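>>> Sequence below, structure please.
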Amino acid sequence: MAAGTDVQATQDAKHVPPQETKAQRIERLKLVKNPWECFEEIREFARKGRDSVLPEWTALYLRWWGIYTQGDGAGVVAGNGGEGKSTKYFMLRIRLPNGLLRSNQLRMIANLAERHGRSVADITVRQNIQLHWLTIEDLPEVIESLAAVGLTPKSACGDVPRNLTGCPVAGIASDEICDASPLLLEANELLAAGNDFYNLPRKFKVCITGCPVWCSYPEINDLGLTAIKRYRQGKREVGFSVRVGGGLSADPHFAVRLDAFVRWEQALPVVRGIAEIFRDQQSLRENRDRARLKHLFTRHAWTSQQFLEQLTDRLGFKLDPAEEEAPPADIYRDHVGIHPQKQPELFYAGAAVLRGRITPEQMRAAADLSDRFANGDLRTTNMQNLIIANVPRGNVNSLVRELDQAGLRVEATPFWRGAIACSGAEFCKLALTETKGFTRWLVDELEERVPGFDEQLKLNVTGCPNACGQHWIADIGLEGKKVKQGQDFVDAYYFCLGGAVGEHQRIARPIGFRCAAREVPDAIERLLHSYLANRNDRENLRAYFARFSDDELRAQLAGHVLEAVSRDPSPGPVPHGVGD
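This next block holds a predicted model:
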């Protein structure tokens, strides 16, 4: 449904049928109003106070401005129907295409977090920065302050194209295939600046990258363009492979590669064409839990050839056949550490921000250090980290030392470096468990219990089955649950092992092991000591887990033979997530 819906359609949408499903209600409300054109209503709510905010705004329209109602800290078990209780506060997600950020922008975010957000901010798995504890009265000032430095929360949430992700070291990485960031920024304007795509069936996640390690995870995006080289008559040409239909949530699905080579000048038409295919699928608007692009493949039996034919019809021309491609093998995709740039004598410094939680003091420190030791150019990453670019060789050591003093580790252990955590029950109404504090405690415990561990580790913590913490693609994925102990429900985690992306992509295996949150360090310690004692030469965790059955891995975690437990039991059903 494109912009410009006619008057009759709008009038029909205002008519409420006697029996209306959740999906029907949301589709009707989206026809009534384009929230991007209604910022004045947010101003009016701010003038009148929290009680004036209409239910359709709290439940739907505010999301188009990157705003969610904030939970009460108890999560799902405190609410009804699989959703926790809302408070008067909001969380706001700032859209950062390609993770590009300047020092003055980061200082503004720090000031807003301190002034309005109780000094809490999080870097997300789509390169956004998220604020919390905002009141309705705060929202216009926060949005206008962001606009004053060239930032916006618009299109960071809702049934829209979400933040477009790309390689955070685009344009500076010495090993990049191409700098795809200019193309990504054009695609960002195409998808989010106008009104053609304000009303999609659900969220639409796009990544465009020239990075050889695919750090923006095209495998789990609705649309992923990855740079690839080909040679024609002795001339080198850089274009893109295209993947569609990736996504995690409760029903993970890796993106399908189309038999197509996309030339640079064809990339924007391809992005538009795929977005239009998604927008116009009425069958995806019938059930909110089955409304992502991936469900064309998982529920409607589409094939890659069928999708390519639909795309060709939209484009009006044929794409060349795909070139042979070699996905990256097991490799860090976080860009943490000190790395030489393509520019002579310049380096970038990737600092691991544990679980993405960053304070105003740390943001100001990073901004100041980027000005003192570089040129004020920073980037956020998909692994919730922060990069300072364009550091002259002579400034590297001083920068690393001062970042470490600020708690932003350039030289981090695999536990600190590999930990990812979603928002959790601290703020999210859909979560079952608290994740941020738990992940910090877990990393501290593992650093003490398994000192010297030096293998790559992705340790992803998510507070519910919706997988905002991306546990399906982790070496060790922890999915939040509740278990009853005595008269109380306590936080617990279900273990999924051996997830991977790239050459060996696979969804992590639910292995039938669950334990209370306080017992998780014990279980991981046992598992890692077993790995260190029994691994083959140069065998990483993914390969090690693949050698063992679920029963054997469960025994390594528990320390004894243990019957499998079901993954799904929880105090109540959890709806489809609102993940980043």
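>>> Dump stretch 509-525 to PDB, restricted to CA.
Below are the C-alpha coordinates for stretch 509-525, written out as PDB (Å, rounded to 0.1, in the frame of the first residue of the first chain):
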ATOM      1  CA  ARG A 509      20.700 -26.200  18.400                       C
ATOM      2  CA  PRO A 510      18.200 -26.200  21.300                       C
ATOM      3  CA  ILE A 511      19.800 -29.000  23.300                       C
ATOM      4  CA  GLY A 512      17.300 -29.600  26.100                       C
ATOM      5  CA  PHE A 513      19.200 -27.900  28.900                       C
ATOM      6  CA  ARG A 514      17.700 -25.100  31.100                       C
ATOM      7  CA  CYS A 515      18.900 -23.800  34.400                       C
ATOM      8  CA  ALA A 516      18.200 -20.900  36.800                       C
ATOM      9  CA  ALA A 517      20.100 -17.700  35.900                       C
ATOM     10  CA  ARG A 518      22.400 -18.000  38.900                       C
ATOM     11  CA  GLU A 519      23.500 -21.400  37.700                       C
ATOM     12  CA  VAL A 520      24.500 -20.300  34.200                       C
ATOM     13  CA  PRO A 521      28.100 -19.500  35.000                       C
ATOM     14  CA  ASP A 522      28.600 -23.000  36.500                       C
ATOM     15  CA  ALA A 523      27.100 -24.600  33.300                       C
ATOM     16  CA  ILE A 524      29.200 -22.600  30.900                       C
ATOM     17  CA  GLU A 525      32.400 -23.200  32.900                       C
END
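>>> which residues are in contact with stretch 276-288?
Residues from elsewhere that reach stretch 276-288, judged by CB atoms under 8 Å, 6 or more residues apart in numbering: 1-2, 22-23, 26-27, 196-197, 199-202, 204, 222, 290-293, 295-296, 300, 307, 310-311, 314, 575-576. All C-beta spots, glycine's among them, are computed from the backbone N, C-alpha and C.
>>> Go ahead and confirm residue 545 touches residue 509.
Yes: taking CB atoms under 8 Å as the definition, residue 545 is a contact partner of residue 509 at 7.5 Å.
>>> Restricted to helices, list the contacts of stretch 276-288.
Secondary structure assignment by DSSP state H places 22, 23, 26, 27, 295, 296, 307, 310, 311, 314 of the contacts of stretch 276-288 in helices.
>>> And for residue 31, the neighbour number?
Neighbour count of residue 31, defined by other CB atoms under 10 Å: 17.
>>> And for the one 3 residues further on?
For residue 34, the number of neighbouring residues by other CB under 10 Å comes to 15.
>>> residues in contact with the closest residue to it other than its chain neighbours?
Across the structure, with CB to CB, 6 or more residues apart in numbering as the measure, the residue nearest residue 34 apart from its sequence neighbours is residue 198 (5.1 Å). Taking CB under 8 Å, 6+ apart as the definition of contact, the neighbours of residue 198 are 3, 34, 35, 36, 64, 160.
>>> To which secondary structure element is the spatially most central residue of the chain assigned?
Closest residue to the average C-alpha location of the chain: residue 125 at 3.2 Å, with CA atoms, centre = their mean. Assignment of secondary structure by DSSP states H and E places residue 125 within no helix or strand.
>>> What distance do you get for it to residue 475?
From residue 125 over to residue 475 the distance is 16 Å, taken as CB to CB, to the nearest Å.
>>> Equivalent analysis for residue 467, please.
Counting by CB to CB, the gap from residue 467 to residue 475 is 15 Å.
>>> same thing with residue 498?
Plainly put, residue 498 is 7 Å away from residue 475 if you go by CB to CB.
>>> intersection of neighbour lists for these two?
541, 542, 545.
>>> is it possible to export those residues to CSV including distance to residue 212?
Below are those laid out as CSV (distance: CB to CB, whole Å):
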residue, distance to residue 212
541, 22
542, 19
545, 25
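>>> ok, and the most crowded of those?
residue 545 (25 neighbours).
>>> now the strands for the stretch 351-500 of the chain?
Taking DSSP state E, counting those that start in this stretch, the strands of the stretch 351-500 of the chain run over residues 357-358, 377-380, 386-392, 419-421, 459-462, 476-485, 488-497.
>>> now those in CSV, with mean pLDDT?
What follows is the strands of the stretch 351-500 of the chain, written out as CSV (pLDDT from 0 to 100):
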stretch, mean pLDDT
strand 357-358, 98
strand 377-380, 98
strand 386-392, 98
strand 419-421, 98
strand 459-462, 98
strand 476-485, 94
strand 488-497, 95
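>>> can you list those in CSV and add distance to residue 537 and mean neighbour count?
Formatted as CSV, the entries for the strands of the stretch 351-500 of the chain read as follows, by distance: least, CB to CB, whole Å; neighbours: other CB atoms under 10 Å:
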stretch, distance to residue 537, mean neighbour count
strand 357-358, 37, 24
strand 377-380, 36, 25
strand 386-392, 33, 23
strand 419-421, 27, 28
strand 459-462, 24, 28
strand 476-485, 22, 23
strand 488-497, 21, 21
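>>> now those strands in CSV, with distance to residue 243?
Listed next are the strands of the stretch 351-500 of the chain as CSV, based on distance: least, CB to CB, whole Å:
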stretch, distance to residue 243
strand 357-358, 31
strand 377-380, 23
strand 386-392, 25
strand 419-421, 22
strand 459-462, 21
strand 476-485, 22
strand 488-497, 23
